[in-house]
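K.L.:
Got a predicted structure plus its sequence, pasted below:
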Amino acid sequence: DAGVIQSPRHEVTEMGQEVTLRCKPISGHNSLFWYRQTMMRGLELLIYFNNNVPIDDSGMPEDRFSAKMPNASFSTLKIQPSEPRDSAVYFCATSGGSGNTIYFGEGSWLTVV
Amino acid sequence: AQRVTQPEKLLSVFKGAPVELKCNYSYSGSPELFWYVQYSRQRLQLLLRHISRESIKGFTADLNKGETSFHLKKPFAQEEDSAMYYCALSATSYGKLTFGQGTILTVHP
């Protein structure tokens, strides 16, 4: 398996633009997590899904952030409109559920100027 | 609610010296504890988990429920151990991880 696949790996965008980050989970994994990593706050859980259903989105910072999982093999995290303070590394991670290891993607490095 | 605390943001040691990265947690039930490592600009990788009780790359960690700690140890640090280390706790049926703030370990030659 190729592991958790994220795209784009790097994105530089202007403030106010829409940003869409994509994630393809490991086949068979039914839990999917979106994390944000910054120097100031470390790793923050934004939202997670189980069997394509959002379970907890309390970590989503604002209404500008939204996430979807239309099927078991794809998820998106969207920021609209983007702001400079959204600059961070966004990680997607998946697991087979309780007791299973969580595997991380390589991250999407977002810079909003 | 669960919480993970890594008191040291930065830790520097010399090659061959012992290293201990501290992790304390708060959770009322029986948690599952993990250590993840992130090498420069790479993805987080699982280093070890307490239930497997194995040693990876010479690292070990023992869960101490009395002290609510899960410190990571290695008797002889190597330069390639330089990385960010995250302690994490899983306490839900979905496997959600709560991470500490991370410790940047630098091993000097």
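P.N.:
That came in fine, so what should we check first?
K.L.:
how about the strands of chain A, start to end?
P.N.:
A:5-7, A:10-13, A:19-24, A:31-38, A:42-50, A:53-56, A:65-71, A:74-79, A:88-95, A:103-104, A:108-112 (DSSP state E).
K.L.:
can you check chain B too?
P.N.:
Using DSSP E, strands in chain B cover B:3-5, B:10-14, B:19-21, B:24-26, B:32-38, B:45-49, B:60-61, B:72-74, B:83-90, B:97-99, B:103-108.
K.L.:
Could you list the buried residues of the fourth one?
P.N.:
Within strand B:24-26, the residues that qualify as buried are B:24, B:25, counting by 16 or more other Cβ atoms under 10 Å in any protein chain shown. For glycine as for every other residue, the C-beta is placed from the backbone atoms N, C-alpha and C.
K.L.:
what helices or strands is that strand leaning on?
P.N.:
Counting contacts by 3 or more Cβ pairs under 8 Å, 6 or more residues apart in numbering or on different chains; DSSP states H and E, strand B:24-26 packs against strand B:3-5.
K.L.:
rewinding a little: mean pLDDT added to the strands of chain B, as TSV?
P.N.:
TSV is the format used below for the strands of chain B (pLDDT from 0 to 100):
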stretch	mean pLDDT
strand B:3-5	93
strand B:10-14	97
strand B:19-21	97
strand B:24-26	95
strand B:32-38	93
strand B:45-49	90
strand B:60-61	92
strand B:72-74	96
strand B:83-90	94
strand B:97-99	89
strand B:103-108	96
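K.L.:
Get me the contact residues on chain B for chain A.
P.N.:
Contacts of chain B with chain A, taken as Cβ under 8 Å from any Cβ of the partner chain, map to B:32, B:36, B:42-46, B:49, B:86, B:90, B:92-102.
K.L.:
for the strands of chain B, which one sits closest to residue A:11?
P.N.:
Nearest to residue A:11, of all those, is strand B:32-38, at 20.0 Å by Cβ to Cβ.
K.L.:
what's the angle between the closest one and strand A:42-50?
P.N.:
Calculated by axes from the mean of the first three to the mean of the last three Cα atoms, to 10 degrees, strand B:32-38 forms an angle of 120 degrees with strand A:42-50.
K.L.:
so what secondary structure elements neighbour strand B:32-38?
P.N.:
Taking 3+ Cβ pairs under 8 Å, 6+ apart as the contact cut, strand B:32-38 packs with strand B:45-49, strand B:83-90.
K.L.:
JSON lines for the strands of chain B, including distance to residue A:10?
P.N.:
As requested, the strands of chain B are exported to JSON lines (distance: least, Cβ to Cβ, whole Å):
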{"stretch": "strand B:3-5", "distance to residue A:10": "29"}
{"stretch": "strand B:10-14", "distance to residue A:10": "27"}
{"stretch": "strand B:19-21", "distance to residue A:10": "30"}
{"stretch": "strand B:24-26", "distance to residue A:10": "34"}
{"stretch": "strand B:32-38", "distance to residue A:10": "17"}
{"stretch": "strand B:45-49", "distance to residue A:10": "20"}
{"stretch": "strand B:60-61", "distance to residue A:10": "33"}
{"stretch": "strand B:72-74", "distance to residue A:10": "31"}
{"stretch": "strand B:83-90", "distance to residue A:10": "19"}
{"stretch": "strand B:97-99", "distance to residue A:10": "23"}
{"stretch": "strand B:103-108", "distance to residue A:10": "22"}
